[in-house]
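**Student:** how would this look folded up:
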Amino acid sequence: MPPHVTVVDHPLIKHKLTLMRRKETSTASFRRLLTEISMLLAYEALRDLKTRDEDIETPLMPMKAPVLDGKKLVLIAILRAGQGILDGMLQIVPSARVGHVGMYRDPKTHMAIEYFYKVPGDLSDRDVVVCDPMLATGNSAVAAIERVKESKPGSLKFVCLLACPEGIKNFHEVHPDVPIVTAAVDNKLNEHGYILPGLGDAGDRLFGTR
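**Tutor:** Next up is the predicted model:
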């Protein structure tokens, strides 16, 4: 596995991902499974969040106990399918700030075209996680990360459900400093820029527009 790529290969994630891949899986089940996997991915992606000690009292005695160090986390979804990962991660860290980057892929060139950008104003001291289910060609992720970097975030990661070698290579040629956290790395892209074996168009399956 290339450096700065973490595959979270927990048996629960493998099982749920298999259910998502099945073409007969319903929209409701796909949505629920993506939320569940996203919660598990968040556990790994947020492993290095900073904490501070706080004075508390247990039923037996006072103690110093760790809590997250302020509301410094920002989750940014690449629209539209990134919303599915965002929803799951927010169940783990409901106090996180939220941003959105609207991208669509030109069907001929496969290049990303931005149509919306709204993120918290000051990212300089914040841990930022950008999320999108598929790292296929990598063009949308590259463009979104480029925009986020303009705000000079304190730290930056990319979380996805599926990646492929071509997408990882493209992403890290431009952003070698940004770690990728994913549930699996599939074989390759097809001629239409879809991951194989993959699970189809994540946005269509998430929102029932297939």
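**Student:** any buried residues in stretch 19-37, and which?
**Tutor:** For stretch 19-37, a neighbour-count test (16 or more other CB atoms under 10 Å) marks 20-21, 25, 30-37 as buried. Yep, even glycine has a C-beta here, placed from its N, CA and C like the rest.
**Student:** ends of it, how far apart?
**Tutor:** 11 Å (CA to CA, to the nearest Å).
**Student:** circling back to that earlier point, nearest to Val185, of the buried residues of stretch 19-37?
**Tutor:** The closest of the buried residues of stretch 19-37 to Val185 turns out to be Arg21 (CB to CB; 14.1 Å).
**Student:** apart from its chain neighbours, what residue comes closest to Glu57?
**Tutor:** Met63 (7.6 Å; CB to CB, 6 or more residues apart in numbering).
**Student:** please apply the same query to Ser124.
**Tutor:** For Ser124, ignoring the flanking residues on the chain, the nearest one in space by CB to CB, 6+ apart is Lys152 at 5.4 Å.
**Student:** hmm, back to that, closest to Ile195 out of the buried residues of stretch 19-37?
**Tutor:** Arg21 (10.6 Å).
**Student:** who touches that closest one in this structure?
**Tutor:** Neighbouring residues of Arg21 by CB atoms under 8 Å, 6 or more residues apart in numbering: 197-199.
**Student:** if we use 7 Å, what do you get?
**Tutor:** With contacts taken as CB atoms under 7 Å, 6 or more residues apart in numbering, Arg21 has the following neighbours: 197, 199.
**Student:** list the residues that contact Leu34.
**Tutor:** Residues counted as contacts of Leu34 (CB under 7 Å, 6+ apart) are 20, 84-85, 88, 133, 161, 206.
**Student:** er, Pro133 actually
**Tutor:** Each residue near Pro133 by CB under 7 Å, 6+ apart is listed here: 34, 81-82, 84-85, 160-162, 202.
**Student:** pull the residues that contact stretch 85-98.
**Tutor:** By CB under 7 Å, 6+ apart, the residues outside stretch 85-98 that reach it are 34-39, 42, 46, 71, 73-75, 77, 120, 131, 133, 159, 161.
**Student:** let's see it at 6 Å
**Tutor:** Stretch 85-98 has contacts (CB atoms under 6 Å, 6 or more residues apart in numbering) with 35, 38-39, 42, 71, 73-75, 77, 120, 131.
**Student:** what comes up buried for that stretch?
**Tutor:** 85-90, 93, 96-98.
**Student:** and the residue nearest to Ser124, that's in a strand?
**Tutor:** No - secondary structure assignment (DSSP: H, G, I helix; E, B strand; the rest coil) places Lys152 in coil, not in a strand.
**Student:** how many other residues sit next to it?
**Tutor:** Residues lying near Lys152 (other CB atoms under 10 Å) number 11.
**Student:** which residues in this structure form helices?
**Tutor:** 11-21, 27-45, 82-92, 139-149, 165-174, 202-207 (DSSP state H).
**Student:** that's all I had, so thanks and see you.
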